[in-house]
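Participant: my questions concern the predicted model and sequence given below.
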Amino acid sequence: MIAAILRWFGYERTVDLSLWADADDDQLTEFGRAQKARALRERAMTEDKLHRAGRWKAFYEEEGGLRDVLDGMCHAYFERHASLKVNEHDKQYALSLANKVARELDAHIRSIVETGKLEAHRDHARRIEQLPAAKRRWI
């Protein structure tokens, strides 16, 4: 809301929340603690691709995790679609679309994980490039 008021008065810059994230809790009021929590959430959301991929991979591959949930949903959509009558086109279309959305979500999560793997390889290549040429020969 403060950012909207500042924009209304012509200030295009938003408030820097990093100052709130580093403050002590006992020095803050309730508003300050809320701002600190918001700043920490924003800091966590802007982490690098490697950490983001690790979090998604852990949640995706755990027992009963996101992969199992999405596969179960797609399987249920497919079974429900098979049980419909031939002339129920609207229901067939809705279930087909729901299955496609679940598959697209699964593909998006896998792309996040693969992007993290690619970033790990790039990071390793950057570290190798920083080595002297004599040491690079033996790697």
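Facilitator: Nice, I can see it.
Participant: count of residues packed around Gly116?
Facilitator: Residues near Gly116, counting by other C-beta atoms under 10 Å, number 20. C-beta: built from backbone N, CA, C; applies to glycine.
Participant: contacting residues around Val86?
Facilitator: Residues counted as contacts of Val86 (C-beta atoms under 8 Å, 6 or more residues apart in numbering): none.
Participant: do you know how far it is from His75?
Facilitator: Applying C-beta to C-beta, to the nearest Å, the value for Val86 to His75 is 22 Å.
Participant: please list the outside residues in contact with the helix or strand in which Phe78 is found.
Facilitator: Using DSSP states H and E, Phe78 sits within helix 66-83. Contact with helix 66-83 is made by 59-61, 92, 95-96, 98-99, 102-103, 105-106, 109, as judged by C-beta under 8 Å, 6+ apart.
Participant: pLDDT-wise, which helix or strand of this structure ranks last?
Facilitator: For the chain, using mean pLDDT, DSSP states H and E, the weakest element among its helices and strands is helix 18-21, scoring a mean of 48.
Participant: who touches the helix or strand containing Leu50?
Facilitator: Leu50 belongs to helix 49-61 when assigned by DSSP H and E. Residues from elsewhere that reach helix 49-61 (C-beta under 8 Å, 6+ apart): 65-67, 109-110, 112-117, 119-120, 123.
Participant: quick revisit: give the other helices and strands that the next helix-or-strand element following the helix holding Phe78 contacts.
Facilitator: Once helix 66-83 ends, the next helix or strand along the chain (criterion: DSSP H and E) is helix 89-129. Helices and strands touching helix 89-129, by 3 or more C-beta pairs under 8 Å, 6 or more residues apart in numbering; DSSP states H and E, are helix 49-61, helix 66-83.
Participant: out of these, which is closest to Ala134?
Facilitator: Nearest to Ala134, of all those, is helix 49-61, at 28.9 Å by C-beta to C-beta.
Participant: what angle separates that closest one from helix 66-83?
Facilitator: If you take axes from the mean of the first three to the mean of the last three C-alpha atoms, to 10 degrees, helix 49-61 sits at 50 degrees to helix 66-83.
Participant: how far away is the closest residue to Tyr60 other than its chain neighbours from Ile109?
Facilitator: Take Tyr60 and drop its neighbours on the chain: the residue closest to it by C-beta to C-beta, 6 or more residues apart in numbering is Leu66, 4.7 Å away. Leu66 sits 7 Å away from Ile109, taking C-beta to C-beta as the criterion.
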